[in-house]
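**Student:** below are the sequence and a predicted model for it; my questions follow.
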Amino acid sequence: APVDWLRETVARAGNHFAELDAAAEALAGELGEEEPALLQAAIRARLKDRHAIGAQVVRADVLAGTLRHYDMHRRRVLLSERLPASGRLFALAYQLCAQELADAIAGQVARATPPDEDSRRITGIALTNYAAAALVMPYDRFRQAAEQTRHDLPLLRARFGVSAEQLAHRLTSLGRTGARGVPFFMVKLHRAGIVSKRFDGEAWPFARFGGTCPRWDAGDARDAERVQTRLIETVEGQRFLTFALALPATGAPDARGRAVIAIGCEAKHAARLCHADGIDAEKGDAVGVGPTCALCERRGCPDRALPPVTRALDLHGYERTASPYPFRRV
């Protein structure tokens, strides 16, 4: 599937595309604005002056469920009134990158050698989104802000005028040679525990395919401003810190799905993360997790949802264990 192919392509690149990052950073330098509202105004002006493209916020019913629409005939970017400021800024940055970084984006798509037209299209969209994020959060300034604030997620959101999801994506992409950021992984979880987005990073404590572990309760995050921090430990003894934020509604009036965005990294990076303050990452109590229930060999887990495919069950009518699927050791 195109989405799976794109995920593999992004993973191979470490979610870092140096040429696009450099081009977007140069464009941000030309715009010369750092405060989000001023940056949005500068992008609007550049779209108008250099590309004769206007931007207009319109009533939600005009776009009929669409949040952003580019009217090619009238050369206008139409933005739904439901879009928050972060969404409007990102939409305009997307349009500017689509205009000014088109050759760089097309070259990156070609080098990825997509196998079919759908894969080519989705890759083009993903890389334009990448460039837009790099324009709004230019590499050097963003990485330095992340390190100086010790990755204070709400503060970084406010400083750059971005959403939690945009911020999480960007934090996973800081792979510039000689100026790397913390190697985060990222996951977007929906209310039913479904993973809709994932970037594994250098170290991912869960299975490559399927869901995560039911003992990892990142999906229970309820606050969009308060970061939920968890210290988890795999069956092999690896420790990770994870940080989760609830996401607001999508903007559609009938949307019911509650989603959470979470990032994480190996616990050895704790000193660089303000949300880990007060946690003993090496010796503190950690929640034991597995890769995913069907592949997990942690015995006696009371939260197990599926039996392990790697072991035979050990069931007896005369007892009921804490784990719903006890299995044999060998």
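**Tutor:** Structure received.
**Student:** what pLDDT does the model give the nearest residue to residue 185 once chain neighbours are set aside?
**Tutor:** Distances taken as C-beta to C-beta, 6 or more residues apart in numbering put residue 201 closest to residue 185, at 3.5 Å, once the chain neighbours are dropped. Every residue, glycine included, has its C-beta placed from N, CA and C. Residue 201 carries a pLDDT score of 82 in this model.
**Student:** helix, strand or coil for residue 201?
**Tutor:** Using DSSP: H, G, I helix; E, B strand; the rest coil, the structure places residue 201 in coil.
**Student:** now it: phi and psi?
**Tutor:** Main-chain dihedrals, residue 201, degrees, to the nearest 10: phi 60, psi -160.
**Student:** would you confirm that it contacts residue 172?
**Tutor:** Yes: Residue 201 is within contact range of residue 172, at 6.1 Å (criterion: C-beta atoms under 8 Å).
**Student:** mutual contacts of these two, please.
**Tutor:** When contacts are counted by C-beta atoms under 8 Å, 6 or more residues apart in numbering, residue 201 and residue 172 have 15, 184, 185, 186 as shared neighbours.
**Student:** can I get those residues in a markdown table with distance to residue 98, neighbour count and pLDDT?
**Tutor:** Shown next, in a markdown table, are the shared contacts of residue 201 and residue 172 (distance: C-beta to C-beta, whole Å; neighbours: other C-beta atoms under 10 Å; pLDDT from 0 to 100):
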| residue | distance to residue 98 | neighbour count | pLDDT |
| --- | --- | --- | --- |
| 15 | 20 | 22 | 95 |
| 184 | 27 | 28 | 96 |
| 185 | 28 | 24 | 94 |
| 186 | 24 | 22 | 93 |
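**Student:** so which of those residues comes closest to residue 61?
**Tutor:** Distances from residue 61 to the shared contacts of residue 201 and residue 172, taken as C-beta to C-beta, are shortest for residue 186 (33.9 Å).
**Student:** distance check, the residue nearest to residue 185 against residue 266.
**Tutor:** 9 Å (C-beta to C-beta, to the nearest Å).
**Student:** shared neighbours of these two, anything?
**Tutor:** With C-beta under 8 Å, 6+ apart, residue 201 and residue 266 have common neighbours residue 183.
**Student:** for residue 186, what are phi and psi?
**Tutor:** Per degrees, to the nearest 10, the backbone of residue 186 is at phi -140, psi 150.
**Student:** for it, list each beta-bridge partner.
**Tutor:** Bridge pairing for residue 186 (DSSP bridges) gives the partners residue 199, residue 263.
**Student:** excluding chain neighbours, what is closest to residue 180?
**Tutor:** residue 174 (6.1 Å).
**Student:** distance of that neighbour from residue 137?
**Tutor:** 10 Å.
**Student:** now do residue 33
**Tutor:** For residue 33, the distance to residue 137 - C-beta to C-beta - is 13 Å.
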